[in-house]
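> Provide a 3D model corresponding to the input given below.
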Amino acid sequence: MGHYEHKTKEELLEIVCKLEKKVEGLSSELDSLKKGRFRERYSTRILDALPDMLTVFDHNANIVELASSPTTNHVEGTTSDSIINSNVKDIVPEEAYESVRHNMDKVIHTGKSSTAEHSLMLDGVLHHYENRIFPLDDQYLLCVAMSRRRLRWLRSMRPSEVRLYVSIR
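Reported below is the predicted structural model:
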């Protein structure tokens with residue numbers, strides 16, 4: 001406090017104004033950090049709650065992470081651990097890979113999300129999926145793969161039914 005003794009009233013008021021602005025900035029930064037903590041604390045639970053397969057891969061189609069619950073993995077012959085660091089072309093049939101790869105290339109080229117379809121055998125039954133790919137940054141993509149059957153069912157519902165379905169899950 002000693003170095004404020006020789007300040008004028010105007011100089012002290014200016015210092016107080018600057019300090020008030022600094023406190024206001026720190027308060028809003030603290031609010032942001034608190035919000036971030038919720039996101040950090042619940043992000044895994046949120047991802048695990050989704051019924052769709054969320055996969056992060058690089059531009060070469062190498063799988064970096066299975067972001068969703070391990071139970072969402074619909075690539076036969078793989079586990080949630082073995083799928084990581086695999087290349088999509090090595091774990092799915094060529095036709096499915098070509099669909100995903102074409103969709104990836106479109107997203108990489110345009111910088112916008114894109115949707116395509118692919119089919120995979122799972123437990124001896126052919127399943128059809130919609131893959132929606134989003135750019136995460138200039139290195140990674142997020143692929144959300146949803147069962148076409150579930151998608152048709154959701155699209156057939158009225159908005160009130162969708163809200164009810166979401167609320168009881």
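
> which stretches of the chain form helices?
Along the chain, counting by DSSP state H, helices occupy 9-49, 80-83, 88-91, 94-110, 148-156, 159-168.

> can you put those in a markdown table and add mean neighbour count, mean pLDDT and distance to Tyr140?
Where you see a C-beta, it was placed from the backbone N, CA and C, and this is true even at glycine. Below are these laid out as a markdown table (neighbours: other Cβ atoms under 10 Å; pLDDT from 0 to 100; distance: least, Cβ to Cβ, whole Å):
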| stretch | mean neighbour count | mean pLDDT | distance to Tyr140 |
| --- | --- | --- | --- |
| helix 9-49 | 10 | 79 | 15 |
| helix 80-83 | 15 | 83 | 16 |
| helix 88-91 | 16 | 92 | 14 |
| helix 94-110 | 16 | 96 | 11 |
| helix 148-156 | 12 | 67 | 24 |
| helix 159-168 | 10 | 57 | 28 |
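
> Would you mind saying which of those lies nearest Pro135?
helix 94-110 (5.5 Å; Cβ to Cβ).

> Which strands or helices does that closest one pack on?
Contacting helix 94-110 under the criterion 3 or more Cβ pairs under 8 Å, 6 or more residues apart in numbering; DSSP states H and E are the following elements: helix 88-91, strand 114-122, strand 125-135, strand 140-147.

> about what we covered before: which one of the helices of the chain lies closest to Phe57?
Once the helices of the chain are compared by Cβ to Cβ, helix 88-91 is nearest, at 6.6 Å.

> And His109, how close does it get to Glu10?
59 Å (Cβ to Cβ, to the nearest Å).

> do the same with Ser147
Ser147 is 69 Å from Glu10, by Cβ to Cβ.

> List the contacts of the closest residue to Ser99 other than its chain neighbours.
In space, Ser99 comes closest to His118 once its chain neighbours are excluded; the distance is 4.3 Å by Cβ to Cβ, 6 or more residues apart in numbering. By Cβ atoms under 8 Å, 6 or more residues apart in numbering, the contact list for His118 reads 92, 95-96, 99-100, 128-129, 131, 145.

> Repeat the analysis, applying 6 Å as the threshold.
With contacts defined as Cβ atoms under 6 Å, 6 or more residues apart in numbering, His118 is in contact with 96, 99-100, 129, 131.
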